[in-house]
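>>> Turn this into a structure:
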Amino acid sequence: MLADWATFSTAGGAILYVLIAGIVLVKHGLQERAARFLAVYAMTSFLWALLLVFYWRLGSLPFLLEDILARASFYGVLLLSWLFLLLSRSFLRLERTGPGWWALGVVWMAAVAVLDSNLFALPDTLWAEGEWVVQRQDLTSVALILGWGGFMAGTTLLTVRAYRQAQQPLHRNRITYWPLALGFTVAGGALFFDGRSEALGSVFYLLGTLIAAYAVLTHRLPDVRQMARRSVSYLLITLLTVIIYAAGFLAMQYAFWTMPGYSPLLAGAVMALILAILFHPLLRLVQQLLNRLISGASYDPRRALREYSLNISNILDLERLATVAVGIISEAMDIRRGTLFLVHREGEDGNGYFHLQSVKGMGQEDPDPGILFASSPVVNCLRREHRPLTQYDIDLLPRFRQISPVERAWLDSLGMDVYVPIYAKGEWIGLLALGPKASGDRYFPDDLMLLSTLADQTAVALENARLFDDLKARNAENESLNKALATANRELARLDQAKSDFINVASHELRTPLTQARGYSEILSEMSEDGSLTPDTAQQMSVGLIKAAQRLEEIVDTMLMISKIDTQALGLTPSETTVAMIVNAAVSSWATALEERKQILTVEGVTELPPITADAKQLQEVLSHLVQNAIKYTPDGGQIRITGRLMGGGMLPQDQSVEIVVADTGIGIASEDLERIFEKFYRASDVLLHSTGKVKFKGAGPGLGLTIARGIVEAHGGRIWAESPGHDEETCPGSQFHIVLPVQPRYLEAEGSAAFIASVRASGDQV
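Have a look, this model is predicted:
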């Protein structure tokens, strides 16, 4: 009779295993990892159950066949324990722990099979001493039990770890169902290995599989904490009912039993009526007490809604609105953290996206802004379904499986439990992101309904606040534009004055050589007429005319250079040269001026620099301008120092640069003039100090030398800038001009590529 019951129950279990696998395939297919493992586990359990039915139903079998079936049933328990571990890993979303358990399962089962088949020809008795005898078959059984125990222990550890790591109540509630499935599975294996309750063990295995299937296939699992509270409430109410009924009945019997006409039946009916009146208030009171003990104080939705509406209705400041809104919700529901996001739509639906900017957070630093693509399943749900969305749904529902890694990483970084969209005129304009409750409870349907209502209340205030914020931004932008216009006007006035000064300076610059040329020409004409022109006089006047012509040529060349720099038409003739040669050529032209001003010029570190590819003549002009400035603005007897060094740690010339520094002990440069001195026509000194002398102390020129220097340096792909502690004609803090030039300019590579492409195109045209 017992054998029939075992066979019948196991056969029924086999049918249920097939049904579970079929439900998995129909409802989920094989897309979800946990569903795939559940289907494999159910079909393996089906085969194992058929093996047990065959083994129990056939009765007496040949010894060899019976031994094979018995061993196969135990191997099935080991295999199922390993598959249950893999199923648990997938259900608990612990994908990173897989390879080790896979390898351990394969190796362990292979080792048990090798040991059982006696592949190494071990003796049947491995060790014997007195009453202690170790048989090879015993060792195989121990290996089976140890493997089963290891896999079950691993499953337990994974479950405990996943529960501790889970931050969201819905995930913790989902994991809570797994220990029940694990407990039945462990009990089934233990009973099967015991050998005396194999049928009961198969039933326990079936119960564990059913619970596991329910947890895997059901998304919205009943809340365990809520069920526990209700069970305790009903238990306490039942206990109180019994106590009240017994106490009331005894009290009435004690008080009225001596009265004539007393009826116990009537007394029981009165007590039943009293209990019927008191039952629901008592039940509500007990539930409230339990909620306060387990989850803390509850909130009144109507009061929360009224308080929320009154507080946010007249707020126009976005940050204050976010602070008040998130604060009231968090205080009412006892939420740890929350954030209000503003939603800005960019682009069209096809390839557009939504930019979410945090206005204010609570319980943490303001989260980083995020981007959700218009085609994202999260955006489709928030825009079209107009309902709160939980992170639990995003993590587990198949419809959200196509979320991009960027979106999923941003949502995970927020650590929120629920997202409540805010709409205005049918458009998605905001998002309330709320974290877990301090009580550890989930967001129940009533909570989500209240949050949706609060979001509707927020929409009008948020839209008004956004419009007010836009107005403030435009006012600030207008103020900024006004300041920019004022600055531009001042700059235009300065440029206009600079141009006027330049005209004055240019006229002075041009008048001097023209006056010289005209004077010498008139003298030559007069002396030629009266015949008093001597060879020495003619030579002296010719030299004067040549100098005047050279000065005019310099001025015209300067104007042409500025024009080329402005139109980016400055042509370079690059070739391999050295910094030392450029510096020496520039310095040698000022030897007489240095001697006249009693200044000392030293050059250091330039001979060690590698050759560079550059236009040596143009760079010589740059260094000449810098040396001339140093001589002009350094008092007599001062010092000028030119140094060079190699920059960049790369071995290739393209990764290296040279730096040339021209430093002096002059009067320095004011901090506000460090950048302006490179502008056209700008002079730090008064225009009245203009002098045609090239090296006169503080003699201002036309204000074009540094402009030309910057244009030439930047044309080489380099940089030039000035440094100075400040302007002081008494202490003479000095100044430094830095030039950084690439050893191998990048523009040469671009020109080479352009030339190659042009040659290819030309050859193609010829063909």
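>>> from what I can see residue 523 touches residue 542, true?
No: the criterion here is CB atoms under 8 Å, and residue 523 misses it with residue 542 at 11.6 Å. Where you see a C-beta, it was placed from the backbone N, CA and C, and this is true even at glycine.
>>> okay, the two: which has more neighbours?
residue 523 (15 against 12; other CB atoms under 10 Å).
>>> Now for the closest residue in space to the more buried one that isn't next to it in sequence, how many residues are close by?
Nearest non-adjacent residue to residue 523, counting by CB to CB, 6 or more residues apart in numbering: residue 541, 6.4 Å away. Residues near residue 541, counting by other CB under 10 Å, number 18.
>>> Tell me which helix or strand comes right after the particular helix or strand that has residue 541 in it.
When elements are assigned from DSSP states H and E, residue 541 belongs to helix 535-566. The helix or strand immediately downstream of helix 535-566 is strand 575-577, counting by DSSP H and E.
>>> List the pairing partners of that next one within its sheet, with orientation.
Neighbouring strands of strand 575-577 in its sheet, by DSSP bridges, are strand 612-614 (antiparallel).
>>> pLDDT below threshold where in the stretch 1-150 of the chain?
For the stretch 1-150 of the chain, applying pLDDT under 70 flags the ranges 1-6, 55-70, 95-98, 118-138.
>>> any idea how this structure splits into domains?
64-221, 226-295, 301-462, 571-752 (automatic domain parsing).
>>> Quick check: residue 466 vs residue 392, distance?
Applying CB to CB, to the nearest Å, the value for residue 466 to residue 392 is 30 Å.
>>> Let me fix that, I meant to ask about residue 99.
Distance from residue 99 to residue 392, counting by CB to CB: 28 Å.
>>> now residue 101
Relative to residue 392, residue 101 is positioned 26 Å away (CB to CB).
>>> Check residue 423 and give its pLDDT.
pLDDT, residue 423: 88.
>>> Packing partners of the helix or strand hosting it?
Using DSSP H and E, residue 423 falls within strand 418-424. Helices and strands touching strand 418-424, as assessed by 3 or more CB pairs under 8 Å, 6 or more residues apart in numbering; DSSP states H and E, comprise helix 377-384, strand 389-390, strand 427-434, helix 445-530.
>>> Now do the second one: everything it contacts.
Strand 389-390 has contacts (CB atoms under 8 Å, 6 or more residues apart in numbering) with 170, 378, 381, 382, 417, 418, 419, 421, 443.
>>> tell me the average confidence for it?
Taken as a whole, strand 389-390 has an average pLDDT of 92.
>>> partner strands of it, parallel or antiparallel?
Strand pairing (DSSP bridges) places strand 389-390 next to strand 418-424 (antiparallel).
>>> got the angle between the partner strand and strand 427-434?
Angle of strand 418-424 versus strand 427-434, following axes from the mean of the first three to the mean of the last three CA atoms, to 10 degrees, is 150 degrees.
>>> what's near enough to touch residue 101?
Applying CB under 8 Å, 6+ apart to residue 101 gives the contacts 82, 85, 86, 89, 154.
>>> ugh, typo on my part, it should be residue 144
Taking CB under 8 Å, 6+ apart, we find residue 144 in contact with 74, 75, 77, 78, 112, 193.
>>> Any idea how many residues pack against residue 426?
Neighbours around residue 426, by other CB under 10 Å: 7.
>>> For residue 584, see how far away it is.
Residue 426 sits 77 Å away from residue 584 when distances are taken as CB to CB.
>>> for residue 177, same thing?
Counting by CB to CB, the gap from residue 177 to residue 584 is 87 Å.
>>> These two: which has the busier surroundings?
residue 177 (19 against 16).
>>> I figured the more buried one was touching residue 221, is that so?
Yes: contact criterion CB under 8 Å: residue 177 and residue 221 qualify, at 6.1 Å.
>>> any common contacting residues for the two?
Residues touching both residue 177 and residue 221 comprise residue 215, with contact defined as CB under 8 Å, 6+ apart.
>>> which element is residue 173 on?
Here residue 173 is assigned to helix 169-194, by DSSP H and E.
>>> Quick check: buried residues in that helix?
169-182, 184-193 (16 or more other CB atoms under 10 Å).
>>> elements contacting the helix or strand immediately after it in the chain?
Note on helix 169-194: by DSSP H and E, the next helix or strand toward the C-terminus is helix 198-217. Applying 3+ CB pairs under 8 Å, 6+ apart, one finds that helix 198-217 makes contact with helix 2-27, helix 33-57, helix 63-91, helix 169-194.
>>> Mind giving me the packing neighbours of the first one?
When you say that, I think you mean helix 2-27. Packing partners of helix 2-27 (3+ CB pairs under 8 Å, 6+ apart): helix 33-57, helix 198-217.
>>> Out of the ones you listed, which gets nearest to residue 270?
Judged by CB to CB, the one of the helices and strands packed on helix 2-27 that comes nearest to residue 270 is helix 198-217, at 46.2 Å.
>>> lowest average confidence, helix or strand, in this protein?
helix 746-766 (a mean of 42; mean pLDDT, DSSP states H and E).
>>> what about the nearest residue to residue 175 once chain neighbours are set aside, which helix or strand?
In space, and not counting its chain neighbours, residue 175 is closest to residue 163: 4.9 Å by CB to CB, 6+ apart. Using DSSP H and E, the secondary-structure element containing residue 163 is helix 136-165.
>>> Tell me what angle that helix forms with helix 169-194.
In terms of direction (the same axes, to 10 degrees), helix 136-165 departs from helix 169-194 by 170 degrees.
>>> Lowest mean pLDDT across the helices and strands packed on strand 418-424, which one is that?
Mean pLDDT is lowest for helix 445-530 among these, at a mean of 74.
>>> Give the full set of residues in contact with the nearest residue to residue 619 once chain neighbours are set aside.
In this structure, residue 619 finds its nearest non-sequential neighbour in residue 582, 5.0 Å apart by CB to CB, 6+ apart. Contacts here follow CB under 8 Å, 6+ apart; on that basis residue 582 touches 614, 616, 619, 620, 623.
>>> how near is the second one to residue 575?
Spelled out, it's residue 616. Noted for residue 616: a distance of 7 Å to residue 575, by CB to CB.
>>> Among the contacts of residue 144, which pair sits farthest apart?
Pairwise distances across those (CB to CB) peak at 13.6 Å, for the pair 112 and 193.
>>> count of neighbours near residue 44?
18.
>>> quick one: what helix or strand has the residue nearest to the spatial centre of the chain in it?
Geometric centre of the chain, nearest residue: residue 410, 6.8 Å, by CA atoms, centre = their mean. Element membership for residue 410, per DSSP H and E: helix 405-414.
>>> for residue 581, same thing?
Using DSSP H and E, residue 581 sits within helix 579-588.
>>> and that helix, how far out from the chain's middle?
Here the centre of helix 579-588 is set off from its chain's centre by 52 Å, with CA atoms, centre = their mean, to the nearest Å.
>>> Could you do stretch 667-679 as well?
Its chain's C-alpha centre and that of stretch 667-679 lie 42 Å apart, by CA atoms, centre = their mean.
>>> Between the two ends of it, what distance do you get?
20 Å (CA to CA, to the nearest Å).
>>> Rounded mean pLDDT for that stretch, please.
In this model, stretch 667-679 has an average pLDDT of 87.
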